[in-house]
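S.K.: What would the 3D arrangement of this be:
(one chain, ligands or ions: 1)
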Amino acid sequence: MHQTPPTPSTIVDLVKVSKTYHPDTQALVDISLNVCQGEILFLTGVSGAGKTTLLRLISHIERPTKGMIEVAGIDLGKLPRNKIHLLRRKVGTAYQDFKLLSDRTVADNIAIAMEVIYRPSSHIEQRTRTLLDQLDLATKYNTRAGDLSRGEQQRVAIARAVANNPEIVLADEPTGNLDAETTARVMELFYQLNRQGTTLLIATHDRSLFADTGHRVIELRSGKIKSTVNRSLKNISEPTEEVHTVQESEQ
Ligand SMILES: Nc1ncnc2c1ncn2[C@@H]1O[C@H](COP(=O)(O)OP(=O)(O)OP(=O)(O)O)[C@@H](O)[C@H]1O
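M.R.: As a prediction, the model looks like this:
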């Protein structure tokens, strides 16, 4: 019997969100956006368009000047400080500043994410080795993070972001320092997570990451949504045919 597929539920919801940095930089202006559970959404746009700011608002590193943001059922405007860890467990972030502990080993940097939620050490070691293998860093297990190249540090930050299989992964230029082969490895890791249900928001200048993938692409310009290429959400991970047209906003 033919069954209608379930309607995907919203996991990230922004309503009329603006962000002005002191004194008067309008980084985001009146952004409304919702992301479905299990979706891969690409954010693109020229430097300064507001991509990083949008991700930082969703991860609650920055606060909006106006508007409402809900992430995995949590209204960020009402989230008390002592509950922020609940959001951190649901959202993995890999940003351009990496924030690695340079005096600790690669393995330690990844393990930290799992130690804070009391994963057993056997699980932590196995998960760390699997991720390093997937990201072509197996030989760097005991290397100090400070001794790695930028591209290697970037991959360690990605491994740390995904170590706990969070519900949502926010990645800012995750392949910015990588060659084509390593980029393909990182993207394969993301697609693998997505097949397991993780929602991905990826900010990138690299059009090859989303060209012909069938995933939704939002282009920001001067803090506004300039265009959206909507695609079918019927299948959450496999590339699908494009079913909607590009919509230019009425700016
Ligand atoms: N902490 C801050 N204080 C003041 N202005 C900021 C701050 N962070 C970002 N901005 C400004 O906000 C605007 C949007 O910046 P944002 O980093 O979000 O853009 P982006 O699209 O991610 O750029 P890039 O591709 O270069 O990373 C820019 O004009 C930037 O200078």
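S.K.: Okay, and the beta partners of Lys224?
M.R.: Under DSSP bridges, the beta-bridge partners of Lys224 are Arg221.
S.K.: Counting neighbours, what do you get for it?
M.R.: Neighbourhood size, Lys224 [other C-beta atoms under 10 Å]: 17. Using the backbone N, CA and C atoms, a C-beta is placed for each residue, glycine as well.
S.K.: wait, it sits on Val29?
M.R.: Yes - between Lys224 and Val29 a contact is recorded at 5.2 Å, counting by C-beta atoms under 8 Å.
S.K.: So, low pLDDT: which residues of the stretch 51-200 of the chain?
M.R.: Flagging of the stretch 51-200 of the chain using pLDDT under 70 yields an empty set of residue ranges.
S.K.: Show me which residues of it are close to the ligand?
M.R.: Taking C-beta under 6 Å from any ligand atom as the contact definition, the stretch 51-200 of the chain meets the ligand at 51-53.
S.K.: Spatially central residue in the chain, please.
M.R.: Nearest to the mean C-alpha position of the chain, counting by C-alpha atoms, centre = their mean, stands Leu170 at 1.5 Å.
S.K.: Could you tell me which strands sit next to the helix or strand hosting that one in the sheet, and their orientation?
M.R.: Per DSSP states H and E, Leu170 falls inside strand 168-172. Paired neighbours of strand 168-172 in the sheet (DSSP bridges): strand 91-94 (parallel), strand 199-203 (parallel).
S.K.: outside of it, which residues touch it?
M.R.: If you take C-beta atoms under 8 Å, 6 or more residues apart in numbering as the criterion, strand 168-172 is touched by 11-12, 51-52, 55, 58-59, 71-72, 90-96, 158, 161-162, 190, 193, 198-203.
S.K.: repeat that with 6 Å
M.R.: For strand 168-172, the external contacting residues (C-beta atoms under 6 Å, 6 or more residues apart in numbering) are 52, 55, 59, 91-96, 161-162, 198-203.
S.K.: Ok, stretch 8-16 next?
M.R.: By C-beta under 6 Å, 6+ apart, the surrounding residues in contact with stretch 8-16 are 30-37, 58, 67-72, 199, 233.
S.K.: Any of the residues you listed buried? List them.
M.R.: Buried members of the contacts of stretch 8-16, scored by 16 or more other C-beta atoms under 10 Å, are 31, 33, 35-37, 58, 67, 69-72, 199, 233.
S.K.: Let's have those residues in a markdown table, adding secondary structure.
M.R.: A markdown table is the format used below for those (DSSP: H, G, I helix; E, B strand; the rest coil):
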| residue | secondary structure |
| --- | --- |
| Ile31 | strand |
| Leu33 | strand |
| Val35 | strand |
| Cys36 | strand |
| Gln37 | coil |
| Ile58 | helix |
| Gly67 | strand |
| Ile69 | strand |
| Glu70 | strand |
| Val71 | strand |
| Ala72 | coil |
| Thr199 | strand |
| Leu233 | coil |
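S.K.: Check those residues and tell me the two furthest apart.
M.R.: Greatest spacing in those, by C-beta to C-beta: Gly67 and Leu233 (24.0 Å).
S.K.: which residues in the chain form helices?
M.R.: Using DSSP state H, the helices of the chain run over residues 51-58, 84-90, 106-115, 121-134, 150-162, 180-195.
S.K.: Quick check: which helices or strands does the fifth one pack against?
M.R.: To tie it back to what came earlier, the one meant is helix 150-162. Helices and strands touching helix 150-162, by 3 or more C-beta pairs under 6 Å, 6 or more residues apart in numbering; DSSP states H and E, are strand 91-94, helix 106-115.
S.K.: out of the ones you listed, nearest to Asp179?
M.R.: Proximity to Asp179 (C-beta to C-beta) singles out strand 91-94 among these, at 17.8 Å.
S.K.: What is the neighbour count of Ser122?
M.R.: Each residue near Ser122 was counted by other C-beta under 10 Å, and the total is 8.
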